[in-house]
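need a structure here:
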Amino acid sequence: MEKVAVYCGASAGNDKVYQEATVKLAHWLVEHNLDLVYGGGGVGLMGLLAKSVVASGGTVHGIMPQELFDRGAALEWLSDLKIVANMDIRKQEMMKQSDGCIALPGGPGTLEEISQAFSWARIGDNPSPCVFYNVAGYYDPLEKMFDEMTKKEFLTVEDRQKLLFSDSLTEIYKFMNNYEPPVIRSYNKSN
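Okay, the predicted model is just below:
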């Protein structure tokens with residue numbers, strides 16, 4: 001593992017625990033010689049994460065759609081800031097450039113990106129582990145929803161085990177290093 005995509009809010013949230021966890025994650029990335037791949041933003045948790053990684057001596061790769069760059073959302077002093085045509089390309093590029101995906105607390109965009117990364121893992125288009133960094137129980141309701149999907153047989157037990165919710169960076173690191181992508185199912189087209 002060399003690069004980790006981190007999805008997180010363009011807002012900082014209303015509890016310092018989210019900012020503290022973001023700085024902790026930044027230090028963890030640098031300590032483990034992992035480059036950060038992220039959305040390129042200079043505000044909210046995104047900006048805090050990138051600035052903290054750089055301040056700790058780490059490497060940051062930003063990927064941002066043109067429309068957000070035009071609105072001034074970028075952390076423009078990044079040495080590696082790639083501007084792409086739209087959000088779909090950004091999400092694809094972030095997955096392509098990374099060896100793992102982590103979601104810090106965030107809003108609908110964060111949820112969309114990590115959900116897509118996990119969904120793509122299940123169909124064979126993303127070989128990387130997906131993790132919800134469950135700071136202060138932020139993702140508890142979502143974890144229950146994934147368990148409900150499994151209980152109702154919309155998600156297999158085997159695939160559910162390929163998605164981690166944890167507030168422990170030690171557990172996250174172990175999960176990501178030992179990860180094996182889901183077995184890709186095939187469909188029998190008998191009538």
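
average pLDDT for stretch 167-183?
What stretch 167-183 shows for mean pLDDT is 96.

one more: stretch 103-112?
97.

name the nearest residue to residue 82, ignoring sequence neighbours.
Distances taken as C-beta to C-beta, 6 or more residues apart in numbering place residue 63 nearest to residue 82, at 4.9 Å, with adjacent residues excluded. All C-beta spots, glycine's among them, are computed from the backbone N, C-alpha and C.

so who does the one you found touch?
Counting by C-beta atoms under 8 Å, 6 or more residues apart in numbering, residue 63 makes contact with 37-40, 81-82, 84, 90, 93-94, 97.

same thing but at 6 Å, please
40, 82, 90, 93-94 (C-beta atoms under 6 Å, 6 or more residues apart in numbering).

how about residue 102?
Residue 102 neighbours (C-beta under 6 Å, 6+ apart): 4, 6, 131, 133.

what of residue 27?
The neighbourhood of residue 27, defined by C-beta under 6 Å, 6+ apart, consists of residue 56.

can you name the next helix or strand after the helix or strand hosting it?
Per DSSP states H and E, residue 27 falls inside helix 16-31. Using DSSP H and E, the helix or strand that follows helix 16-31 towards the C-terminus is strand 35-38.

packing partners for that following strand?
Packed against strand 35-38, as judged by 3 or more C-beta pairs under 6 Å, 6 or more residues apart in numbering; DSSP states H and E, are the following elements: strand 3-7.

what pairs with the strand it packs on, and is each one parallel or antiparallel?
strand 35-38 (parallel), strand 101-103 (parallel) (DSSP bridges).

so of those strands, which one's packed in deepest?
strand 101-103 (a mean of 26; mean count of other C-beta atoms under 10 Å).

check which residues of the helix or strand just after it are buried.
Counting by DSSP H and E, the next helix or strand C-terminal to strand 101-103 is helix 108-123. Buried residues in helix 108-123, counted by 16 or more other C-beta atoms under 10 Å: 110, 113-118, 120-122.

list the contacts of helix 108-123.
Here helix 108-123 has contacts from 7-9, 91, 95, 101, 103, 126, 130, 159, 163, 182, using C-beta under 6 Å, 6+ apart.

pick out the most distant pair among these.
9 and 182 (27.6 Å; C-beta to C-beta).

who has more neighbours, the two?
Higher neighbour count among residue 9 and residue 182: residue 9, with 23 against 20, using other C-beta atoms under 10 Å.

residues near residue 151, how many?
For residue 151, the neighbour count with other C-beta under 10 Å is 11.
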